[in-house]
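Novice: Generate a structure from the sequence data that follows.
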Amino acid sequence: MKNIHTTAPIEKIYTGIITSQAKLYNNTYSFLSLLDGEMTLTRDGQALRGSGGTVFFLPPGSEAELTTEDSAIFFIVSFDYLFTENLLGYHAYEKIALDGIPRRPGGDSSLIQYLAAVASIYLDESNKSPLALGACALSFFHYLGLYYIEEAQSQRSRQLSPRQYAHLTKMKEYIHTHYTQPITLSDLATQFDMTPQYTATFFKNTAGETVLEYLAKIRLNKAADYILYSDETPFYIAAATGFPNLNAFIKAFSGRFQMTPDQWRQIHPKPEFKVTLGNILWFQPDNLAKDYIDNYVPLRPVSPIVSNERGEAKTYKITVTQGEFFSPPWTYLINLGYVQSFSHGDYRRQLSSIQNTIHFTYGRILRPFDIVTPITVDGQQLYDFSKIFRVLDFLKEIQLLPFIELGNKRGKININSWERIDFKVREDSADYYEDLFKILPAFLCQCINRYGMEAVGQWCFELWTEHSDMDSDLVSPSVYAQYFSRVYTIIKQIIPQCRVGGPGYNTYAPLSHFEQIMSEVSASGALPDFISAYIYPYVLKDSEEITTVGAETPILSPDPEIYKRRLLKVHDFCQTYYPQIPDLIITEYGCEVSSRNFINDSIYQATFIAKFNLDGFSLAHGFGYWLLSDISLEYRDSNQILFGGNGLVNRNGIYKPGFHTFRFLTGLGNRMIASGPEYIMTRLGNGQLSLLVYNYAHLREDFCQNNTSYASLKNPTAVFFPMEPRDIIFTLEKLPPGNWRIRHYTINNDHGNLLNEWIRLGAPENLSRSDIDYLQAVSWPHQEMYYKETEGTLEISCHLAPQEVGLYIIEHII
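Specialist: Presented below is the predicted three-dimensional model:
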């Protein structure tokens, strides 16, 4: 089927200086960017004022009056009309909400950066690159769609239920995508697993027109644009818009517009960009215009496009020794979530499978006593622990020690850093702890009777200091110290060898706040057996760190080293504060508190987990990733197989990239040979060597500023800072001579990436069992194996794409 398209995304770029007043008539999708000075743009009776860095949108067919009191330098990027309509959809200008007011907290320098990059490439006479120009144009529109394109609902649509609206939207999207093909009612019905009769009735009742009427409208509107903005003949346009022949097209067109296509072209000439009342000096030639733009907008990398070309390799020489023993912290702890998760059979099966592979030491459970029922026997208050014992029996069966969080940590699902869904649990802290102090002694005694003193003595207990998500205290440090002292005393009196720790310090809070808590705890005489802390990458806008308790409007930090800095902060504090340093355990860490963000499902999790663990393994006794499974995060808004949950495994049991990184970490030995900023080499007692390498790309600054805007699945890599591939050569010296076998495992965008595979299927909501089995099968790391003969020196060459993790298992073959 023929289709009209344009290979050039840009119609024209204008750069100039206005000294007083001018009027513009715009013919296409244009964006006016102010480089210097101040300007007022009046369009449709609305006066919009801007200064350097402001971007205004000029819709097709619009007139705008520009005024300045002094002078203003600006440039206009005019995109090709058909290119833009094909990319964004019919009359997308009606949905672009760009009025010079940024939609991002703290302003929006990225918008003009994208446009300046487009203009700079277009105006570069010495190095015109159509591919680079197209890539920059697509990056700009992707960014525009994330922040400035709003789907407008008609009055009829607002009367529909959310389910009806979502279903109708998908049907319309299908028609928009396939209108050039001979679509029938039966085709649409088959696509959505409905009967033709029900499809016709549903569409008519919800859209207010029939499927065929809607299809004809889409085709004819597109044909009218093609007549206006292209030089193609009616015959070619008929074929490009899905009509079976020219006669059918002319008949339909005449019926809608009361004139033939040729008459339409005569009456509506192609619009042109015009300036009237012009007090504008245009910069010529193109290189001069380019110099102005480059001078006022120093370009930084904004394109999500990354290269796979090889660059200069970094080299490491490693002398292979027996290595020093170390205790890997990455498998010390896994967060299991709230105790109610264990009621799901699928959850227990997932946990059993993961534990069989990763072999975590401890599993952290929140609010265990929510499933304990008080009972009265002969007037005596007792407790039914049968449900929690079933949980503990299961953990014993899969050889996972309990790590029990006793604090009043309320159940919730974080939509983002400031919005959440709260579960109905007891809120009052005083009542919660009054019950805890009654239940805890009875629970410990029953556990000793059931599991034995030695077994229970290996358990860990933590008490979290209550605060809101952004560290507004819910109890004071002094009250927390009283609670901790009471819990510590109860546990130690019954099971002295149990380890009791706290306070679950959130490292985005001021260090002085942590010091105040620990000062109160120390004064109580109950020093914790371990210090617990959380690490999430939040800061205040325009600030490197949060400096006040209760600070609002946090954002993700654009600093890729934020995790290590936070870990060092706690580690150094503990070394200074305590004569005998207790173990530091990071009981929660993650790249997002939100459980509705697709970066949690993306390949980013693989390199994030690798970097976090390798950067900090010498600074803490144990790390606890949040969270095991997406099942713990299900709610009525989580009807897709991936919904942005923090789990290592989705609700259907399909492993995400983060799980595969844990498998790689498990493949490391317990003898340290060497480590660096992007790698670690270890060995096992049998002489097997393991090398783990990664190429981490941090989140882009615009994503960090407002990460909820990245709901689109069309280009997940757009949230990462552009990185080049990394080439590393490891030269291993003093090896025994002979034959060596190298197994190489890879996690990257194309291997072990469930999100990517789901997108390739079209991101469907409803999957069959066979679909799920398929995704499980294809979402595994790549594996290859090869052999090398050596006289004592072995070279391992690594080529790492951005967001790639590699594991090399190196074995001497006798």
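
Novice: What segments of the stretch 501-650 of the chain are helices?
Specialist: Applying DSSP state H, counting those that start in this stretch to the stretch 501-650 of the chain gives helices spanning 511-523, 562-577, 604-616.

Novice: Next: the stretch 51-200 of the chain.
Specialist: Taking DSSP H, counting those that start in this stretch as the criterion, the stretch 51-200 of the chain carries its helices at 81-88, 109-123, 130-147, 155-158, 162-178, 185-191, 196-207.

Novice: on that earlier part again, let me know which of the helices of the stretch 501-650 of the chain is tucked in deepest.
Specialist: Neighbour counts (mean count of other Cβ atoms under 10 Å) averaged over each of these peak at helix 604-616, with a mean of 25. Where C-beta positions appear, they are placed from N, C-alpha and C, glycine not excepted.

Novice: Mind listing residues that contact that one?
Specialist: 329-330, 535, 561, 563-564, 567, 586, 589, 591, 599, 623, 625, 656-658, 660-662, 664-665, 675, 678-680, 692, 694-697, 699, 719-720, 747, 752, 803-805 (Cβ atoms under 8 Å, 6 or more residues apart in numbering).

Novice: Among the residues you listed, name the ones in strands.
Specialist: Taking DSSP state E as the definition of strands, these contribute 535, 586, 589, 623, 625, 675, 679-680, 692, 694-695, 747, 804-805.

Novice: From the residues you listed, pick the one nearest Gly345.
Specialist: Within the ones in strands among the contacts of helix 604-616, the smallest distance to Gly345 is 23.2 Å, found for Tyr625 (Cβ to Cβ).

Novice: Dig out what that closest one forms beta bridges with.
Specialist: Ile334, Tyr589 (DSSP bridges).

Novice: what's near enough to touch it?
Specialist: Contacts of Tyr625 (Cβ under 8 Å, 6+ apart): Leu333, Ile334, Asn335, Tyr589, Gly590, Ile609, Leu648, Gly658, Phe662.

Novice: from those residues, which is closest to Glu173?
Specialist: With Cβ to Cβ as the yardstick, the closest approach to Glu173 among those comes from Gly658, at 30.9 Å.

Novice: quick one, what contacts the closest one?
Specialist: By Cβ under 8 Å, 6+ apart, the neighbours of Gly658 are Gln605, Ala606, Phe608, Ile609, Tyr625, Leu648.

Novice: one step back: wait, which of the helices of the stretch 51-200 of the chain is closest to Thr15?
Specialist: Of the helices of the stretch 51-200 of the chain, nearest to Thr15 by Cβ to Cβ is helix 109-123, at 7.5 Å.

Novice: Can you list the buried residues in that closest one?
Specialist: In terms of neighbour count (16 or more other Cβ atoms under 10 Å), helix 109-123 has its buried residues at 110-123.

Novice: what stretches of the stretch 501-650 of the chain score poorly on pLDDT?
Specialist: Scanning the stretch 501-650 of the chain for pLDDT under 70 picks out 541-553, 636-638.

Novice: Tell me, how many residues neighbour the residue nearest to Thr195 when sequence neighbours are not counted?
Specialist: Excluding the flanking residues, the one nearest Thr195 by Cβ to Cβ, 6 or more residues apart in numbering is Ala189, at 6.0 Å. The number of residues packed near Ala189 is 20, by other Cβ atoms under 10 Å.

Novice: with the ones in strands among the contacts of helix 604-616 in mind, which one is nearest to Pro285?
Specialist: Asn695 (41.2 Å).

Novice: Just want the phi and psi numbers for the residue nearest to that closest one when sequence neighbours are not counted.
Specialist: For Asn695, ignoring the flanking residues on the chain, the nearest one in space by Cβ to Cβ, 6+ apart is Leu800 at 3.8 Å. Backbone torsions of Leu800, given as degrees, to the nearest 10, read phi -110, psi 120.

Novice: again, but for Tyr786
Specialist: phi -150, psi 170.

Novice: Return the distance of it relative to Ile809.
Specialist: Distance from Tyr786 to Ile809, counting by Cβ to Cβ, to the nearest Å: 12 Å.

Novice: Likewise for Tyr93?
Specialist: 56 Å.

Novice: ok, Leu665 - contacts?
Specialist: Pro328, Trp330, Thr331, Ile609, Ala610, Asn613, Leu692.

Novice: could I get those residues as CSV with distance to Phe83?
Specialist: Formatted as CSV, those follow (distance: Cβ to Cβ, whole Å):
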residue, distance to Phe83
Pro328, 53
Trp330, 48
Thr331, 51
Ile609, 40
Ala610, 40
Asn613, 45
Leu692, 44
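
Novice: Which one of the residues you listed is nearest to Ile495?
Specialist: The closest of the contacts of Leu665, once distances to Ile495 are taken by Cβ to Cβ, is Thr331, at 24.6 Å.

Novice: My guess is the closest one contacts Leu668. True?
Specialist: No. In this structure, Thr331 is not within contact of Leu668 by Cβ atoms under 8 Å, at 9.8 Å.

Novice: So which of those two has more stuff around it?
Specialist: Leu668 (26 against 20).

Novice: Setting aside sequence neighbours, what's the nearest residue to Phe720?
Specialist: Ala697 (4.3 Å).

Novice: Would you mind measuring from the one you found to Pro560?
Specialist: For Ala697, the distance to Pro560 - Cβ to Cβ - is 8 Å.

Novice: Now for Pro657, how many residues are close by?
Specialist: Other residues lying near Pro657 total 29 when counted by other Cβ under 10 Å.

Novice: ok now stretch 349-368, how far from the chain's centre?
Specialist: 24 Å (Cα atoms, centre = their mean, to the nearest Å).

Novice: What lies in contact with that stretch?
Specialist: With Cβ under 8 Å, 6+ apart, stretch 349-368 has contacts from 331-339, 388, 391, 395, 398-406, 408-409, 411, 425, 460, 462, 587, 622, 624, 628-629, 631, 648-649, 653, 659, 662-663, 666.

Novice: Could you pick out the buried ones from those residues?
Specialist: 331-339, 388, 391, 395, 398, 400-406, 408-409, 411, 460, 462, 587, 622, 624, 628-629, 631, 648-649, 653, 659, 662-663, 666.

Novice: Quickly note the distance from the residue nearest to Ile121 when sequence neighbours are not counted to Ser120.
Specialist: Excluding the flanking residues, the one nearest Ile121 by Cβ to Cβ, 6+ apart is Leu133, at 4.8 Å. Computed as Cβ to Cβ, the Leu133 to Ser120 distance reads 10 Å.

Novice: again, but for Asp231
Specialist: In terms of Cβ to Cβ, Asp231 sits 30 Å off from Ser120.

Novice: before we move on, what about Val320?
Specialist: From Val320 to Ser120 the distance is 49 Å (Cβ to Cβ).

Novice: And for Lys396?
Specialist: 64 Å.

Novice: And Trp459, by the same measure?
Specialist: 62 Å.

Novice: who's in contact with the helix or strand containing Leu755?
Specialist: Taking DSSP states H and E as the criterion, Leu755 maps to helix 754-760. Here helix 754-760 makes contact (Cβ under 8 Å, 6+ apart) with 598, 601-603, 641-642, 650, 654-657, 713-714, 716, 749-750, 775, 778-779.

Novice: Name the residues of it that come out as buried.
Specialist: Those would be Leu754, Leu755, Asn756, Glu757, Trp758, Ile759, for helix 754-760 by 16+ other Cβ under 10 Å.

Novice: How about the backbone phi and psi for the residue lying farthest from the centre of the chain?
Specialist: In the chain, Asp378 marks the outermost C-alpha relative to the chain mean, sitting 55.7 Å out by Cα atoms, centre = their mean. The phi/psi pair for Asp378 (degrees, to the nearest 10) reads phi 50, psi 40.
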